[in-house]
Structure formats: structure tokens, C-alpha cells
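Q: Could you work out the structure for the sequence below:
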Amino acid sequence: MALFIQIIVKIVLMGGILAGCAATEGIKETDPLSALNQGIAYAEKGQHERSLAYFDKAIELDPNYAEAYLNRGIAHERQGQVDKAVADYNKAIELNPNLAMAYNNRAVVLGYKGQYDEAIADLIKAIKINPDMPEFYNNRAIVLRKKGLADKAIADCNKALELNPNSAEAYINRGNAYVSKKQYDKGIADFDKAIEIDPMSADAYFNRGIIYASGKRDYDKAISDISKAIEINPHLAKAYYSRGLIYDAKGNYQKAVIDYNQAIEINPKLANAYAKRGVFYGRQGQTRKFCLDIKKACDLGSCKYYDVAKDVGACE
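A: A predicted model of the protein is given here:
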């Protein structure tokens, strides 16, 4: 079974995480700092559209306000508008080349886009400006591991933990790096520590469960951990999918398909969940459902089952 381990990317934001869009009409603020603070206040209340309106207003009042571009960039990133996010981070850096957080946040977006070398370059700059931010080392560790540089990733996690010994994220990231080196016991120990620090970390339970399944073949412990992750975060599609794979491996196909259904409901673009559900339907002799699901999986980029089924004439 594949190893599905969450990559913890911590975006550090002045004042909160934003999303949404709104016009600035009706906002009476005339001071950009006041507008920014109002935006932060609304973000902390979860009133995202109103929050974004105030960040827009801050930029309208002061087009050279680097921190306002920084916050608006995160708003765009949270909306999935990565190009707009990068443009805002670029502008923030242009206005203030010493704004470490803008380099960090741009690195996060570049990491999402697979531009790992560019992301590392930005994180090097962020660390040079502010070497005491554990989040910067955490984020660089993520990218280094993605590039296959597990030892360097571990070194960055160690630095993050030196700066903040209670960073559950750093233990999770280091655990991920150990797993990539197949040092499963060390990985489990780090996930144990992350859970000790943050008992509500769905990622730590999920990651530990995946190691129990794929590294230790202890399916009962894996199901227990992944079920706990789902209890903490019922919207974690990958957890339902992964637990479905484990039930499949145990021969409990009915429970597996229930989890595949839930994964698809949460994330209708999860190709592998359609593929595995299609295999279940094939076992049941439900050819039409089998073909529909594996074709859907292929439409989403996973064509292994559909190509074989076409070759043998099982599906059109």
C-alpha cells in the first residue's frame, strides 16, 4: 500500500488565515494601518469576505503598504489563486526586501507548484533575515524532503525544535523524513511526540497510522490511528481513502467501499478512490458500475485499471 503522509506546510500570517472576496465600498477607514487591523480582526472572527475587503482598502489607501500585500497574497493562496498570491508576495518583497514572511509565504506557494529550488532560495532569504523563526526551518525541511534530501530535512527540523521544543509540526516533519529513509521506529517516535504535544493533531495520528500499515503491517493499529484522525477531522478525505485501502488489505471489502464512498463525497476529484471502488464493483459482478468508476478515475488521471479493462474488452 502506498505511503500517504501529510506534508505539514505552516503559513505564518500577520493576523490570521484569510479567504474570500469583497468590495471596499462602504468602508470608512481612512488610515491604512487601521484598515489592516480591522481586516485582521474580521479574519480572526472568520468573517473572511469582510476581512479581505479591509486588506483591499489598506492597499487602496496606501499602494506601498507591503504588509497589506502580504496578507492579500495569503487570501489569494487560500482561494487557490496561486498566481495572484505570488504576484502579491512579489509586490510585498519589492516594497520591503526585508519582509521575511513574504519570502516564506512565496516559498510555500512555490512548493505547492513543485518549484522546489525556487522555494528553497526564498526560505534561505527568509532565514537570513530572521534566523529565529522555527516555521522557516520547518518549511525548508518539507521542500528538502520532497527533493529527496532527507538528512538535510532532519537537520532543519532539529533546528526548528531547538528554537521551539514544543513544535508538533517539527516532530511530524522530522518523522516524515525518517520514514522516507525507512527508519520507521524513529518516525513513529516522532509522531508519538507530536501527539503528546498536540493530542488533536489529525496529521500525527494519520501519519503514524500509515506507518503502522505500510511499514509495520500492523493493520489494527493503523485503523485505530486513522480512525482517530477522522474523529478529529471528519473532512480528511485521504484518511477515509487510506483506511479503505487497509480494510481492502484485510479482506473487509464492505467497510472499504464505505470509506471510498466517503472519500469521494469529500473530494470528488480523488481518482484513486474511484479506481478502488470500481474494483469493488468488479468483484461484485456489477460491470456497469465497475466501468463507470474506473473510467472516472482515468478521466482524473489514474488509468491503470481502465486501460486493462479496455484491452480485455471488459469496458468500452
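Q: Can you list the residue ranges for strands in the stretch 101-250 of the chain?
A: Counting by DSSP state E, counting those that start in this stretch, the stretch 101-250 of the chain forms no strands at all.
Q: can you give me the helices in it?
A: 116-129, 134-146, 150-163, 168-180, 184-197, 202-214, 219-232, 237-249 (DSSP state H, counting those that start in this stretch).
Q: And the third one, what does it pack against?
A: It refers to helix 150-163. helix 134-146, helix 168-180 (3 or more Cβ pairs under 8 Å, 6 or more residues apart in numbering; DSSP states H and E). Using the backbone N, CA and C atoms, a C-beta is placed for each residue, glycine as well.
Q: Make a markdown table from the helices of the stretch 101-250 of the chain and add mean pLDDT and distance to P32 to it.
A: As requested, the helices of the stretch 101-250 of the chain are exported to a markdown table (pLDDT from 0 to 100; distance: least, Cβ to Cβ, whole Å):
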| stretch | mean pLDDT | distance to P32 |
| --- | --- | --- |
| helix 116-129 | 97 | 23 |
| helix 134-146 | 95 | 26 |
| helix 150-163 | 98 | 32 |
| helix 168-180 | 96 | 32 |
| helix 184-197 | 98 | 38 |
| helix 202-214 | 96 | 37 |
| helix 219-232 | 98 | 39 |
| helix 237-249 | 97 | 40 |
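Q: Looking at those helices, which is nearest to Q38?
A: helix 134-146 (25.4 Å; Cβ to Cβ).
Q: Show me which residues of the closest one are buried.
A: By neighbour count on 16 or more other Cβ atoms under 10 Å, the buried set for helix 134-146 is 134-146.
Q: what separates it from the chain centre, distance-wise?
A: 13 Å (Cα atoms, centre = their mean, to the nearest Å).
Q: same for it, what does it pack against?
A: Looks like helix 134-146 contacts helix 100-112, helix 116-129, helix 150-163, helix 168-180 (3+ Cβ pairs under 8 Å, 6+ apart).
Q: name the helices or strands packed onto the last one?
A: If I follow you right, that is helix 168-180. With contacts defined as 3+ Cβ pairs under 8 Å, 6+ apart, helix 168-180 has these neighbours: helix 134-146, helix 150-163, helix 184-197, helix 202-214.
Q: one more time with 6 Å, if that's ok
A: helix 134-146, helix 150-163, helix 184-197 (3 or more Cβ pairs under 6 Å, 6 or more residues apart in numbering; DSSP states H and E).
Q: ok so, going back, please render the helices of the stretch 101-250 of the chain as CSV that adds distance to C291 to the earlier fields.
A: CSV is the format used below for those (distance: least, Cβ to Cβ, whole Å):
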stretch, distance to C291
helix 116-129, 38
helix 134-146, 36
helix 150-163, 41
helix 168-180, 36
helix 184-197, 38
helix 202-214, 29
helix 219-232, 30
helix 237-249, 20
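Q: give me the number of residues near Y171?
A: Y171 is flanked by 28 other residues according to other Cβ atoms under 10 Å.
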